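**Q** Kindly return the folded structure for what I paste below:
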Amino acid sequence: MNIGQIRFVKRALFALFVSCGAYVSFHIWEGVRSRGGSAPDILDEPENATSRQIELEQLDSEGRTAWTLKAAESVGSTESVQLFRDVEIHFNAGDGETPVIVTADDCEIGAKNRVHLEGNVIVHDDTTVRLEANTLEFARFPDRVWSDEPVRYSKKGLFGNAGAMRYSIKRGVLDFQGGVRMTIQEKGDAPVVITSAVAHMRRNRHWVQYLDGARVRQQQRRLRANDLQLFLDDANQELVRIEAYEDVDLLMKVLADPPEEAGDASESEPTDSQFTLTSEPGSKRLLTERLEMFFRPGGEILERVRARDGGRLVMRLPPDAAAGYDKILEGNVLAFDFNEQGQLTTLRGRGGVQLVLSPRGESDGEEKLVRARELDSEFNPVTGELVRTRCLRAVEFEQGDVRATSERGVFRSAQSMLVLTRSPRLWDSRANLEAEKIQIDIDSGDVEGFVDVRSTSLDRSEATSLFPSAENEAVYFVADHLVFRRAEDLAIYTGSARGFQGHNRIEAETIQIHQQDGDLVARGGVRSVFLQKLIEGESEDDAAAKPTVTRANSLHYRAAQDVLEYREDVQMRSEDMMMQSASIDVFLAEGGGNVREIYAEGDVAIETAEGKAAGENAKYLPDDQSMTISGEEAWLENAGKLTEGKQLTFFLTDDKILVDGQEQRRTKTTYTSKPRPF
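**A** Model prediction:
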């Protein structure tokens, strides 16, 4: 061959090589292209499909491996689509990140590197994240996979399903949509079931966020919120804490007979009607805008619950409760503690707290309110009943027109008793009370005061009914102890009891005020001081009311009859007269001012500036200033003259004496310079 022929052969071989290379390059390029947005071309099934190991690699814009596909066989192709069976795709999640692996029965790779997987699609990685779906789509820039069909999800202790899924591979962000349901610790004793419209999580973070109507169920607890976040332990197996935001509603119930094994946690959520309330609180419902729940190691048992930015705990009685109180507790921050069995033990309220007691059944009546800056409550862990509540700083109580304040208070739920200490004060439209300790019976409204009791009647219109005086001033009482029985409208002061109104005063070991009847009863070492006009004088000074001091073992003031009844060893002394007797009744003018009559009975002894008298009975009439003494041995001694008779009447203004209605009838007059003793 000459040189020209050799050159021709070389050129022919080169053209053939280039043609073969172009053909092979074209088919390789078409094999790695994914489908476009339109429906895929109809694939031509090869007449003889041959099983073979296939591996394809896709590079990203920086020349690094974006994903690698391995398939058992290629079963068809067109100019824009290639189909593989039994595939496994490894997605590169980034430097130092765990790769994501996807397996499926069928795979289509089309234009613009879009990948379509279907048939037993499983997404997983070495962090135990596992997704299952019927179909899955993949697109580049950014690398993400998604499915618009139902998917199943698992991550060690977390299992669930959703209507759709979005997965950003390099960012490791999972989005679930179309209705989400997940269960934590499904095989444990207290599985946690969560449902929501949307959920978000990160592959390498121990956190899941649920949005739009999130619901949580664990045993007898139910939780609702618009934004719910779950935090898992490092192994993604146990629940560490829950945070809830916006319209948070936590319901805690007590079961009469705990149900048998609930079975699959995926069963429908029980309704409220399936629960029977066994204890006085029945159910507890916590409403707030921000809630934190902390779990003990193991993730099943609650350790703490904290409501922040304003919490409201509602404790309801059963609908058929015969008596008791529905309780509502509100505070800026409410913190609950649970024991090792997950039973509620204590509650702490901070930043301003209010407890509202609404009576039910036989206790129907006005609401009772207790307010404080801080509050600590104790619960019976078995029954869930509120046992005791301690209130600190700026404590207030309110019931109808009754108000009370103190710096410290304790509410004992079983006894419905509120005890106020540290400068307590209680008042209503009629009276004011102060003591070292004030105890209020929430059911009956009874009040008890201890040590240094001081009370004031504030109702000027009724002041005279509390005290035998016409003075229009407040009435004060002091004592060591006070018991007020609201149903009887009875106040009992004991221990150095004293009552005051203006210049008038009563002292005794015990003073009882029957406010409804207008009665005052004093017993034990009674001493009274009243401004009373017993003798009409010639001048205005003589006519003014002057103190009358009376001592006795008991005193009964009947306001309705305007009478003072002194009993046992009575001694009455004024500036003009002294009288002793077993009993003395003082009849007052209407309104309790001036004296209309004084009647003494039993060993009466009288002494005036003009003389002395004695007898079995005595009657004094201030209007005509006459004194009548009667008895078998009545006598009168005046200016050294002794007069005896069964009835003697003498006048304080002159020397006139009537004996048995007639002058000198059945009398014996003796002149003596020595006064006769009583």
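**Q** Walking through the chain, point out its helices one by one.
**A** 3-32, 463-466, 540-543 (DSSP state H).
**Q** what's near enough to touch Ala479?
**A** Residues near Ala479 by CB atoms under 8 Å, 6 or more residues apart in numbering: 453, 493-498, 511. (C-beta placed from N, C-alpha, C; glycine too.)
**Q** Just the buried residues of those residues.
**A** 453, 493-494, 497-498, 511 (16 or more other CB atoms under 10 Å).
**Q** quick one: contacts for the residue lying closest to Ala104 once chain neighbours are set aside?
**A** Spatial nearest neighbour of Ala104, chain neighbours left out: Leu117 (3.8 Å); criterion: CB to CB, 6 or more residues apart in numbering. Each residue near Leu117 by CB under 8 Å, 6+ apart is listed here: 87, 89, 102, 104, 106-108, 135-138.
**Q** go on, Ala634?
**A** Going by CB under 8 Å, 6+ apart, the list of residues near Ala634 reads 613-616, 644-648.
**Q** then stretch 519-530 to CSV, C-alphas only?
**A** Provided in CSV are the C-alpha atoms of stretch 519-530 (Å, rounded to 0.1, in the frame of the first residue of the first chain):
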residue,chain,number,x,y,z
ASP,A,519,-78.5,40.9,122.8
LEU,A,520,-75.2,41.3,124.7
VAL,A,521,-74.4,38.7,127.4
ALA,A,522,-71.3,39.2,129.6
ARG,A,523,-70.2,36.6,132.2
GLY,A,524,-67.5,36.4,134.8
GLY,A,525,-66.2,39.4,136.7
VAL,A,526,-68.5,41.8,134.9
ARG,A,527,-67.8,45.5,135.2
SER,A,528,-69.8,48.1,133.2
VAL,A,529,-69.4,51.9,133.0
PHE,A,530,-72.2,53.9,131.4
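**Q** now that stretch: how far from the chain's centre is it?
**A** 45 Å (CA atoms, centre = their mean, to the nearest Å).
**Q** Identify all contacting residues around that stretch.
**A** By CB under 8 Å, 6+ apart, stretch 519-530 touches 466-469, 497, 499, 503-514, 547-560, 564, 566.
**Q** In strands, which of those appear?
**A** 497, 499, 504-514, 547-558, 564, 566 (DSSP state E).
**Q** Please list only the buried members of those.
**A** Judged by 16+ other CB under 10 Å, buried ones among these: 497, 499, 504-514, 548, 550-558, 564, 566.
**Q** give me the number of residues near the residue nearest to His200 when sequence neighbours are not counted?
**A** Ranked by CB to CB, 6+ apart and with sequence neighbours excluded, the top spatial neighbour of His200 is Gln209, at 4.5 Å. By other CB atoms under 10 Å, the residues close to Gln209 number 17.
**Q** In contact with Gln209, which residues?
**A** 199-201, 227-230.
**Q** Grab the longest strand from the chain for me.
**A** Max-length strand for the chain by DSSP E is strand 344-361.
**Q** Glu374: how many residues sit nearby?
**A** 19.
**Q** List the buried residues in stretch 620-634.
**A** Applying 16+ other CB under 10 Å to stretch 620-634 flags 620-622, 625-631, 634 as buried.
**Q** Across the sheet, point out what pairs with the nearest residue in space to Leu621 that is not next to it in sequence.
**A** Leaving aside its sequence neighbours, Leu621 sits nearest to Glu597 (CB to CB, 6+ apart; 5.8 Å). Beta-bridge partners recorded for Glu597 (DSSP bridges): Phe587.
**Q** Might you report the residue contacts of Glu597?
**A** Applying CB under 8 Å, 6+ apart to Glu597 gives the contacts 586-587, 619-622.
**Q** Would you agree Arg371 is in contact with Val353?
**A** Yes. Between Arg371 and Val353 there is a contact under CB atoms under 8 Å: 6.9 Å.
**Q** of those two, who's got more company?
**A** Val353 (27 against 20).
**Q** Could you verify my assumption that that one touches Ile328?
**A** No. Counting by CB under 8 Å, Val353 does not reach Ile328; the two are 11.2 Å apart.
**Q** where do the strands sit along the stretch 401-550 of the chain?
**A** Taking DSSP state E, counting those that start in this stretch as the test, the strands found in the stretch 401-550 of the chain are 402-412, 417-421, 425-427, 431-434, 437-441, 447-457, 475-485, 490-501, 504-514, 519-532, 546-558.
**Q** by contact count, what packs against the fifth one?
**A** Based on contacts counted as 3 or more CB pairs under 8 Å, 6 or more residues apart in numbering; DSSP states H and E, the elements that strand 437-441 packs against are strand 402-412, strand 417-421, strand 425-427, strand 447-457.
**Q** For the closest residue to Ala414 other than its chain neighbours, which residues are in contact?
**A** In this structure, Ala414 finds its nearest non-sequential neighbour in Val387, 6.9 Å apart by CB to CB, 6+ apart. By CB under 8 Å, 6+ apart, Val387 lies in contact with 377-380, 412-414.
**Q** Narrow those to just the buried residues.
**A** Buried, going by 16+ other CB under 10 Å: 377-380, 413, out of the contacts of Val387.
**Q** Check the residues you listed against Met579 and report the nearest one.
**A** For those, the closest approach to Met579 (CB to CB) belongs to Ser413, at 56.0 Å.
**Q** Grab the nearest non-local neighbour of the closest one.
**A** Nearest to Ser413 is Leu386, by CB to CB, 6+ apart, at 4.4 Å.
**Q** in terms of contact, does that neighbour touch Lys327 like I think?
**A** Yes. In this structure, Leu386 is within contact of Lys327 by CB under 8 Å, at 6.6 Å.
**Q** higher neighbour count, the two?
**A** Leu386 (26 against 23).
**Q** Please report how far that one lies from Leu347.
**A** Applying CB to CB, to the nearest Å, the value for Leu386 to Leu347 is 8 Å.
**Q** shared neighbours of those two, which are they?
**A** 377, 379.
**Q** picking that back up, return every residue with contacts to both of Arg371 and Val353.
**A** With CB under 8 Å, 6+ apart as the test, Arg371 and Val353 both reach Cys391.
**Q** State the distance from the residue nearest to Ala104 to Glu88.
**A** For Leu117 relative to Glu88 (CB to CB), the value is 11 Å.
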